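**Q** Just a sequence and a predicted model for now, questions to come.
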Amino acid sequence: MTVEFTEENIYDLTPDELVLTDRVAGRMYTDPDIFDEEMTKIFERTWIWVAHLSELPKAGAFKTTYVGQQPVIVSRDRKGNIHTMLNRCRHRGATVCETPSGVVNGFTCPYHAWSYGLDGSLRGIPYPDGYEGIMDKSTMGLKKLRTEQYNGMIFATFDHDIEPLEDFLGDAKMWIDRFMAQGAGYPVKVLGTHRFKFKGNWKIQLENTTDGYHFPIVHRSWMATVDEETADMMSFMTDPTAITHVLGNGHSVMQMVPQHTDLEADDGSEPLQPRFDGLVADLRAQGVDEERIRKLVYTVHGTGFNLNLFPNVSLSISFFRTLRPVSVNETIIEHIAIGPDGPPEIVDRVNQERMRAHENFQGPFGFGTPDDAEGWDRVQRGAVGGPELPVMVNRGLARETKSPEGWTTSHVTDESGMRAAYYQWKEMMGNE
Amino acid sequence: MSDPGATLKPGAWLTGRSTYKRPLSYAGISSSDPRVARAIDFVSYEAELLDRKEYVVWQELYAEDGVYVIPIDPETDNFDSQLNMVYDHDKLRRARVVRLSEGYAISAVDAALTVRTLGRFIAAEVSDTEITLRAAQIVVAYKRGTHHIWAGDVEYKIRFGATTADDRIVLKVIRLVDSQGVTPASGFLL
Ligand code: FES
Ligand SMILES: [Fe+2]
């Protein structure tokens, strides 16, 4: 049954009714009640990406971040276990840590100095006699989230009953493995993070990571500054082998540069781009062997795809992109640069090259990001008008096929990935 | 850097990101010194060009080996080994000016209007050929009903030429108070 969105019914429809096969209602971007419902029904009931393992390199290492709107700490204890817990003191609610990252023995609340271990357990209370006989310390640890990881990607959830992370990722797992191949035989590590905000709903960003259609328009000014090889590489608009697969649970993968989908399949036939001549020379001078150089330089611009994991992280070509909903019309984005984690004399020079490429496009002053953000601001401003008017996500609907793996497949400029994400959204918002 | 925890008083909290650890050099030379005054006039002119978005004129104020950088880590001088917001040498700076001027970049076409104030000038090192100057910079950026404040410390290294018209910026570093936090995306330069 297809519901028509009309001026009369648009505020009577339930959120799940706002998603149709080929369109969603503009009200989804602007209604604060829907936003509140999303926080509980989506962000508190599914796996949310919180950290990469390299951000917690040793015992005591921690990072503060958010799951939905709730502040959390992700930490590594002395046994190497990763914990995610609310950054909220069990006494009277203060945050126990306001540092973005670091290495500590535990967390002490600044207000009355209740202190917590790396696993969140309550360890110490000053002047404890006032609590004698009325409170069991063992039940007063920081509130814990469930934490699981796959190939270095750490996720947490408030829901202790949902499926294991690996089941939720499903077919996306092999794509995560392919993405991590850009470590060139080393694990991948975080090199640095750009953070910026835009005045728009989080789903506008969710759509964008699987939007091949905007690239030559919005990023024309970036394309004008790159060399011919890079421009060629990004000429997927008319390349029929550039395809998007729908992977289930709202996940999808768009392959802009199909020849770089599987970096490990490199047979050495593709020449390295001349702009990396300096990098190659420097690695040779360091005494790095030719096979290793080939691998490091071949993978320096990352994979050929964006893997979009519902709802908050995308493994985008050569970096991680996360979104954090702040309010119905404000979202914070992180662009996290990554690179191989190996001996400094080998990887440092490679990672410099990777950071320069990242700066060139990403971040608040990149040659790409500000133009994306301007587009998203404009969507939010426009979508305030006509809450019943549909946001069209129908591109390529008539040319979808099934891949041998059974994945719904279409061209990389099509909106199949958005439809998949919205289908998952509809399922979750329809839950009680 | 010595371990800050080592000198901590019992029960004292470690100071967070509220203080700089970067050493501050000070030449002890007055801002009325002709070389210092010349540098202050020069960076004020640069600031006005940026507010007016006269990027084509602006880029010629930089030496060919000049660097413009907005680091993320406010403590670092080693921009090569870290991720920055902007790290422009001559070639990239010129590409950026094209991008900001040619009309294809929607963020630049509809960029915020800016007015900036420079103040709290300190001459860090002064010679007859070169000066290193520090300043505070407040940029107020206005776009579609919203004002955003870009506050930061700026460090300039300026190479004096035969005349003031030949002075060139060798280094400009803008260390934002929120470089490690969250800023809007920008269609202009600081
Ligand atoms: S609020 Fe944390 S100790 Fe009192
Ligand atoms: Fe984009």
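**A** Arrived safely, thanks for sending. Ligands and ions are numbered 1, 2, ... in the order given.

**Q** CA only for contacts and neighbour counts going forward, please
**A** Will do.

**Q** What strand or helix carries B:Asp41?
**A** helix B:34-51 (DSSP states H and E).

**Q** Please apply the same query to A:Thr147.
**A** strand A:144-150.

**Q** and that strand, average pLDDT?
**A** With pLDDT averaged residue by residue, strand A:144-150 scores 98.

**Q** Which neighbours in the sheet does whichever helix or strand comes after it have, and how are they oriented?
**A** Per DSSP H and E, the first helix or strand lying C-terminal to strand A:144-150 is strand A:153-157. When pairs are called by DSSP bridges, strand A:153-157 turns out to pair with strand A:48-52 (antiparallel), strand A:144-150 (antiparallel).

**Q** How far off centre is the longest one?
**A** Once both centres are worked out by CA atoms, centre = their mean, to the nearest Å, strand A:144-150 turns out to sit 16 Å from its chain's centre.

**Q** now do the first one
**A** A distance of 8 Å separates the centroid of the chain from that of strand A:48-52, by CA atoms, centre = their mean.

**Q** and that strand, average pLDDT?
**A** pLDDT averaged over strand A:48-52 gives 98.

**Q** And stretch B:119-137, by the same measure?
**A** Stretch B:119-137 shows a mean pLDDT of 97.

**Q** Can you list the buried residues in it?
**A** B:121-126, B:130-137 (16 or more other CA atoms under 10 Å in any protein chain shown).

**Q** Also stretch A:180-194?
**A** A:180-184, A:186-194.

**Q** out of the residues you listed, who's near chain B?
**A** Applying CA under 8 Å from any CA of the partner chain to the buried residues of stretch A:180-194, one finds that A:191-194 fall near chain B.

**Q** how about TSV for the residues you listed, with pLDDT and secondary structure added?
**A** Below are those laid out as TSV (pLDDT from 0 to 100; DSSP: H, G, I helix; E, B strand; the rest coil):
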residue	pLDDT	secondary structure
A:Leu191	98	strand
A:Gly192	98	strand
A:Thr193	98	strand
A:His194	97	strand
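
**Q** what's the farthest-apart pair in these?
**A** A:Leu191 and A:His194 (10.4 Å; CA to CA).

**Q** quick one: common contacting residues for the two?
**A** The contact sets of A:Leu191 and A:His194 overlap at A:Ile336 (CA atoms under 8 Å, 6 or more residues apart in numbering or on different chains).

**Q** hmm, back to that, which helix or strand lies directly C-terminal to the helix holding B:Asp41?
**A** helix B:55-58.

**Q** distance of the most centrally placed residue in chain B from chain A?
**A** In chain B, the residue lying closest to the centroid (CA atoms, centre = their mean) is B:Ile174, at 2.9 Å. Counting by CA to the nearest CA, to the nearest Å, the gap from B:Ile174 to chain A is 13 Å.

**Q** Give me the number of neighbouring residues for the residue of the stretch 301-432 of chain A at minimum distance from chain B.
**A** As assessed by CA to the nearest CA, chain B sits closest to A:Pro364 within the stretch 301-432 of chain A, at 3.9 Å. Here the number of neighbours of A:Pro364 (other CA atoms under 10 Å in any protein chain shown) works out to 26.

**Q** What is the neighbour count of the spatially closest residue to it that is not a sequence neighbour?
**A** Leaving aside its chain neighbours, A:Pro364 sits nearest to B:Ala185 (3.9 Å; criterion: CA to CA, 6 or more residues apart in numbering or on different chains). By other CA under 10 Å, 22 other residues sit near B:Ala185.

**Q** What is the lowest-mean-pLDDT helix or strand in chain A packed up against?
**A** None of the helices or strands of chain A scores lower by mean pLDDT, DSSP states H and E than helix A:228-233, at a mean of 78. For helix A:228-233, not one helix or strand is in contact under the criterion 3 or more CA pairs under 8 Å, 6 or more residues apart in numbering or on different chains; DSSP states H and E.

**Q** please redo it, this time with the cut-off set to 10 Å
**A** Judged by 3 or more CA pairs under 10 Å, 6 or more residues apart in numbering or on different chains; DSSP states H and E, helix A:228-233 is in contact with helix A:220-223.

**Q** who's in contact with the helix it packs on?
**A** The contact list for helix A:220-223 (CA atoms under 10 Å, 6 or more residues apart in numbering or on different chains) reads A:214-217, A:230-232, A:234-235, A:360-361, A:366-369, A:371, B:95-96, B:98-100, B:102-106.

**Q** Quick one: buried ones out of the residues you listed?
**A** A:215, A:234-235, A:360-361, A:366-369, A:371, B:95-96, B:98-100, B:104-106.

**Q** one step back: which of the strands paired with strand A:153-157 has the highest mean neighbour count?
**A** strand A:48-52 (a mean of 24; mean count of other CA atoms under 10 Å in any protein chain shown).

**Q** What lies in contact with that one?
**A** By CA under 10 Å, 6+ apart, the residues outside strand A:48-52 that reach it are A:42, A:62-68, A:72-75, A:84, A:147-158, A:165, A:188-190, A:309-314, A:320, A:322-323, A:336, A:338.

**Q** From B:Ser25, how far off is B:Leu118?
**A** 19 Å (CA to CA, to the nearest Å).

**Q** Tell me which of these two has more neighbours.
**A** Each of B:Leu118 and B:Ser25 has its neighbours counted (other CA under 10 Å); B:Leu118 has more, 18 against 12.

**Q** any idea which helix or strand carries the more buried one?
**A** Going by DSSP H and E, B:Leu118 is part of strand B:113-126.

**Q** Provide the strand pairings for that strand, with the direction of each partner.
**A** Strand B:113-126 has these strand partners (DSSP bridges): strand B:130-143 (antiparallel).

**Q** Where does pLDDT dip in chain B?
**A** B:1-7, B:15-20 (pLDDT under 70).
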